[in-house]
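# Give me the fold of what follows.
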Amino acid sequence: IMGASSVTLTARSDTLATITVQGDIQASGAVQLSAQSGATETITSFTSHAATSIATVSITGAGTTVQGETLDITAHNRAVITALFDAAAFTQSNLLITQDNTTAVSVGDGVTLDGASGVIVESLDDSWVQIELDSTGIDVSGGIEIELDFALLSSHVVLTRSTTVALDEGSTAVSDGLVALSARNDLAARADVAPEDLFSVSNRVLGGLVGQARNTVTDVAEASVTGATVNAALSVLASNAGVYTALGRVASNTLDGNTLATIAAESAITASGSVSVAAIDSAHLTAEATPVLLDAQMVVGEIGLQAGVARNSVAREVTASLDNAVVSATNGDITVDADAARRLRATASGVELSDAALLGGSAFGALELGGVYAENRALGDITAAAAHSELDTLGSGEVRVEATDTSLIDAQAGLSGVATTTGIGFVAGGISAGVAVAFNAMGWNIDADEQTLETLIGTSFGAAAEDPLDVTASLFNTRVNAVGNVTVQADAGAR
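Numbers count the residues shown, from 1 in each chain. Here you go, the predicted model:
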């Protein structure tokens, strides 16, 4: 496509949107390449739902040039799943949602991107899942005499998002403005939801007796310049900013993946302005184990309650790096920034009981509580590094390599575990109770299957191995010639 005033290529699909460019595009104005994928699904009953969504833009072919006043090359995934329905049938009921997304932009060997005023290369996934199962209408008017299994009502969300953007070996990007690369797993703005209430996954099982809510999430965000040449100010950003909520008698969020921004493999960057490499993880996880709501008049025999559990687990590295790169910035800074600002909160409550004095009488039964357990686990290093590279600022400009972790600070950061057994009255022969445990593990790799309340109460960590959560900033085998300050700093924040 040659000599156009502007060029717009768009691919849209519920499941697969792909744009492949293997020849030249030349326009005097804007060039836009946009692949958009993602279906909107509404689920109204218990089922197993599995879906994939793929959005990709690929520019290949030695000698291929994409040229315009501005270049906007984007892949966007937004899969939306909602399940909001009554779940009052007191039977085995399971809901499983599996969503697997791939969002990618790649610029191949021998390709040139030339945007006079600016170049945007972006992969974005802002999918969201909302589950709300209401079991408050379960009929127990005839009384209950059972061992309550909270998994009688279960909701499990499995979300996988691979979001990548890459300038590959042998590619070139040129601009008098900014070349901005970004790979982001982020929140979708919604007109009916306040910004502070947005979420990636909200999994809520409501009701007083049973309910298990589990979120298992893998979020990968990777932005890379590998063996490429860039003649422009440059921003390379990888960001994971998901918000995940689980609410039920057993509630858990398990989060892994990777956040990586890098310039590597003999890349050459010559910028009129700044060069920044940033990896940011700002995931928020909330797990709430709700109390069992009981009227003593329901209890006609012995009721045994399992332990209420709220658990958050994060195992994800955050890395920003320059590795074997030559970077020169005129009148601009060179920055390498790895930032973890994660928030984890787990709360667990036991029982809220009315007419507790009736328990233990001849006409009523007994209640055995299995205890409550709230836990947060955090693993994954935060690393900012420049190695085997050459860094120069000309005219003006600083060099900064900084790694920051503000996740694990006290009340302000919000990493906490709270467990209570309040709201019950103990009467002879009526109620026996387990314990309440709140536990935070930072830099410990603990086997979830073997970690029990008993080992926590004792002096052992069970099947645990030390795996320090390191926050590291470094210059290694790197020549730095800076007009301004040189800063290498690692900050683990307040504890």
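# partners of the helix or strand hosting Arg214 in the sheet?
Secondary structure assignment for Arg214, by DSSP states H and E: strand 212-226. Strand 212-226 has the following sheet partners, assigned by DSSP bridges: strand 153-167 (parallel), strand 250-264 (parallel).
# Tell me the buried residues in that strand?
Residues 212-226 are the ones in strand 212-226 that count as buried (16 or more other CB atoms under 10 Å). In this view, the C-beta of every residue, glycine as well, is placed from N, C-alpha and C.
# likewise stretch 19-28?
Of the residues in stretch 19-28, those buried by neighbour count under the rule 16+ other CB under 10 Å are 19, 21, 25, 27.
# Kindly indicate which of those lies nearest Thr52.
The shortest gap between Thr52 and any of the buried residues of stretch 19-28 belongs to Ile19, at 18.0 Å (CB to CB).
# Now do the helices in this structure.
Taking DSSP state H to define them, one finds helices in the chain at 453-457.
# can you pull the pLDDT of the residue sitting nearest the centre point of it?
For the chain, the residue nearest the mean C-alpha position is Gly242 (4.1 Å; CA atoms, centre = their mean). Note for Gly242: predicted pLDDT of 95.
# and it, what are its phi and psi?
Here is the backbone geometry of Gly242 (degrees, to the nearest 10): phi -80, psi 150.
# correct me, but it touches Leu198?
No: because the distance of 10.0 Å does not satisfy CB atoms under 8 Å, Gly242 is recorded as not touching Leu198.
# Common neighbours of these two, please.
Residues touching both Gly242 and Leu198 comprise Leu187, with contact defined as CB atoms under 8 Å, 6 or more residues apart in numbering.
# Which strand residues bridge Ile382?
Per DSSP bridges, the residues bridged to Ile382 are Val318, Val471.
# Now do the contacts for it.
With contact set as CB under 8 Å, 6+ apart, Ile382 has these partners: 317-319, 338-340, 403-405, 469-472.
# Can you add pLDDT and give these back as a markdown table?
Supplementary listing: those in a markdown table, determined by pLDDT from 0 to 100:
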| residue | pLDDT |
| --- | --- |
| Glu317 | 97 |
| Val318 | 98 |
| Thr319 | 98 |
| Ala338 | 98 |
| Asp339 | 97 |
| Ala340 | 95 |
| Ala403 | 98 |
| Thr404 | 96 |
| Asp405 | 93 |
| Leu469 | 83 |
| Asp470 | 92 |
| Val471 | 94 |
| Thr472 | 97 |
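# Turn the strands paired with strand 212-226 into JSON lines, including mean pLDDT, mean neighbour count and distance to Ser349.
Formatted as JSON lines, the entries for the strands paired with strand 212-226 read as follows, by pLDDT from 0 to 100; neighbours: other CB atoms under 10 Å; distance: least, CB to CB, whole Å:
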{"stretch": "strand 153-167", "mean pLDDT": "96", "mean neighbour count": "24", "distance to Ser349": "18"}
{"stretch": "strand 250-264", "mean pLDDT": "96", "mean neighbour count": "25", "distance to Ser349": "11"}
